[in-house]
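Novice: take a look and give me a structure for this.
(chains A and B)
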Amino acid sequence: MANATQGYKGSDDYIASKPLMEIVNVSVALGKPLVVKGEPGTGKTLLAHSISRALNKKLLIWNIKSTTKAKDGLYVYDTVQRLNDARFKDKDISDIGQYIKLGRLGQAFKSEEQLVLLIDEIDKADIEFPNDLLNELDEMSFHIHELDEEVVAKQRPVVIITSNSEKELPDAFLRRCLFCYIEFPDDEMMERIVKVHYPDIENKLVKEALKKFYWIREMDGLRKKPSTSELLDWIKALSLGGINLEKIGSEIPFVGTLLKNEQDTDRFIKLSNAQGGFGFKRRY
Amino acid sequence: MFIDFFYILRKKGVPVSITEWMSFMEALYNGYFQSSLNHLYYLGRAFLVKSEAYYDAFDLAFQEYFGGIKTEKLELDKVMEWLENPLHRLPKLSPEEMAELQRQIQEFRNTHDMDELMRQFRERLKEQKERHDGGGKWIGTGGTSPFGAYGFHPGGIRVGGESGMQSAAKVASERRFRNYRNDIILDVRQTKMALKKLRELKREGLEEELDIDETIDKTAKEGGEIELVFNRSRENSVRLILLMDTGGSMLPYTELCERLFSAASQMEHFKEFRYYFFHNTIYQDIYEDIQNYKKVPTEKLFSNFHKGYKIVIVGDASMAYSELFDINGCIDYFYTNDKPSLEWLLRIKEHFPHSVWLNPTHMNFWGHYTVDTIGKIFPMYELTVDGLKDAVKTLSSRTKSIRQLSAMSA
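Specialist: I've put the predicted structure just below:
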């Protein structure tokens, strides 16, 4: 309980909602992996970075690709290297251990101190991938056949798993994890997030920019809604470009930082011409 | 404890398993929820619900079970008011007193259970008519009664007070996750899951996997001079062609077909995916667009695509007798066909052995003569998640049997 009340409280550059903090703390205390889902740009990956900073633990990142196999995360036995060494006979090859390279999960288990392990975009891999990790994440141990050695986690790492729901994760896997869906931040929260990133920016500019931003997000039929990272880029562009506030009221400069595809830009121009910038009738 | 909540959740369709419930219980007994309804809501959700699609159902269940507190709204408001400001700052407790309190709490935990506590809470809420601070029985601030805020009874129920989160009951009643309960998206996902089964792993692409057997063989042959042999890694080699009926009788099923279409086109998991449209049944032309403007000769299907392609035809298969069996039987006045549609369908089946027909209408309506005939050419399945699964099974198992056949004949 002491853990849960102290523990993670967000870090200086990451604003976490209160429920999210509590969930992170319980997940740390219970040693259960936490699956984080949410729209792109809601800071799923950054959460792990923030936890690692706030709890002062090292972060290991395991980026999942479509070709990633579960075993890659545990260890790889470099047979080719061994074969090659055997050929030139200039090395002692009887010690298989030197050809076993631990993967990210293996490293996290072996580490003396507790680490934060981020398994990023787990849904990119094959549908069977999470199932292959069931036991490893549950027991936090695995077996190296070549050495007949058991790797047991010295300190259960804090495991954060992100998913973009491209693929549904298997139930058996989810059952062993905590789950959290990060909602898209509302404007109040967003203002705090912007402030964290750009502390000296003008208040009024942020307010205007946010108004516009949520207006664009609510437009129908956009293929890709702008997200937090796009907003941050845009605000930076606005402040660097020295755009005066009057202008943001009636049109949107640097729209390219917010909308990344042509169809969306077309649609945006069409809609804003029909309604005028920010939903008002144009004055000219 | 709260076991009814478990059943309410299940009744609302949240697939909570016993494993999840047990770890939820474990966290509850270890005090992670800090006896607050808010923590119970947010953390409970993290433990029990594993998809945002069920957040809404969870909200409903939470409201049904814990909403009991909310039904006594008038009282609760008053209670909240009493609890808002403690009248006096609390005296600091000495470590001995604290230990004693801890002991009492432990004892209390052992002797009381949460349901009992909730019952007492409601009862006392009914009895109590005024603000109360300090003391050991009534609901108020700064006391040692199990109920109230800023008090010294962590084993008890906290009503509001320091927490910084939105009231769980309120959040639950807002049903903010209604939008995520998008059954259409769920259906597209289910469709995707069903289609995902449609895969054949074949060795294609770059040679990057070490073939150990071959390497050993080669090395032995070279007299110990090591020779590494690499293999191509395995990839899905399924190529899919979707043929969809855009006829008027298909109108009620547009949405259903759209789901199938979007699932199939979003998959990115097939080696190749193509789609064409037709009207009622297939003659010498098929179309690249729904409006049937861009003609493609059906003959092209046979010349462009080898028989390894899998064909999925979607249509209700019911039409006038003449449309299927007669020359110039096409429903379009300006369209003439010198071969009856039946012949084209047979040719498709002949050229593409792995083909199925998905029918959006219910099996009960398949009595129509043309449906029956087409059903004899193509294995026909209902366009439901289950039907789709069966169709996918047929598409993949058939390939196996043909491979076996060719192996046997070879």
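
Novice: pLDDT value on the residue lying farthest from the centre of chain A, please?
Specialist: For chain A, the C-alpha lying farthest from the average C-alpha position belongs to residue A:89; by C-alpha atoms, centre = their mean, that distance is 45.6 Å. The confidence metric pLDDT takes the value 74 at residue A:89.

Novice: what does the one 3 residues further on give?
Specialist: On pLDDT, residue A:92 comes in at 78.

Novice: that one: neighbour count?
Specialist: For residue A:92, the neighbour count with other C-beta atoms under 10 Å in any protein chain shown is 8. For glycine as for every other residue, the C-beta is placed from the backbone atoms N, C-alpha and C.

Novice: and if you look at residue B:378?
Specialist: 22.

Novice: residue B:299 too?
Specialist: Under the criterion other C-beta under 10 Å, the count of neighbours that residue B:299 has is 13.

Novice: again with residue A:87
Specialist: Other residues within reach of residue A:87, judged by other C-beta under 10 Å, total 13.

Novice: is it true that it touches residue B:222?
Specialist: No - taking contacts as C-beta atoms under 8 Å, residue A:87 lies outside contact range of residue B:222: 11.1 Å.

Novice: so the residue in the stretch 1-150 of chain A positioned nearest to chain B versus residue A:63, what's the distance?
Specialist: For the stretch 1-150 of chain A, the residue positioned closest to chain B under C-beta to the nearest C-beta is residue A:19, at a distance of 3.7 Å. Look at residue A:19 and residue A:63: by C-beta to C-beta, to the nearest Å, they are 27 Å apart.

Novice: same check on residue A:87?
Specialist: Taking C-beta to C-beta as the criterion, residue A:87 is separated from residue A:63 by 33 Å.

Novice: which positions in the stretch 101-250 of chain A make contact with chain B?
Specialist: Where proximity means C-beta under 8 Å from any C-beta of the partner chain, the interface of the stretch 101-250 of chain A facing chain B comprises A:127, A:167-169, A:171, A:174-181, A:183.

Novice: got the residues you listed as a markdown table, with distance to residue A:25 and neighbour count columns?
Specialist: Below are those laid out as a markdown table (distance: C-beta to C-beta, whole Å; neighbours: other C-beta atoms under 10 Å in any protein chain shown):
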| residue | distance to residue A:25 | neighbour count |
| --- | --- | --- |
| A:127 | 31 | 16 |
| A:167 | 29 | 20 |
| A:168 | 28 | 17 |
| A:169 | 23 | 22 |
| A:171 | 25 | 13 |
| A:174 | 20 | 21 |
| A:175 | 21 | 18 |
| A:176 | 18 | 18 |
| A:177 | 15 | 24 |
| A:178 | 11 | 26 |
| A:179 | 15 | 27 |
| A:180 | 12 | 27 |
| A:181 | 18 | 22 |
| A:183 | 19 | 17 |
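
Novice: pick the one among these closest to residue B:254.
Specialist: Within these, distances to residue B:254 taken as C-beta to C-beta reach their minimum at residue A:168, with 25.2 Å.

Novice: ok, the residue sitting nearest the centre point of chain A - contacts?
Specialist: By C-alpha atoms, centre = their mean, chain A has its centre lying nearest to residue A:45, at 1.4 Å. Residue A:45 makes contact with A:118, A:120, A:162, according to C-beta atoms under 8 Å, 6 or more residues apart in numbering or on different chains.

Novice: between residue A:19 and residue A:63, which has more neighbouring residues?
Specialist: Each of residue A:19 and residue A:63 had its neighbours counted (other C-beta under 10 Å), and the higher figure belongs to residue A:19 (21 against 12).

Novice: mind telling me what element the more buried one is part of?
Specialist: Here residue A:19 is covered by helix A:18-30, with elements defined by DSSP states H and E.

Novice: that concludes my questions; thank you for your assistance.
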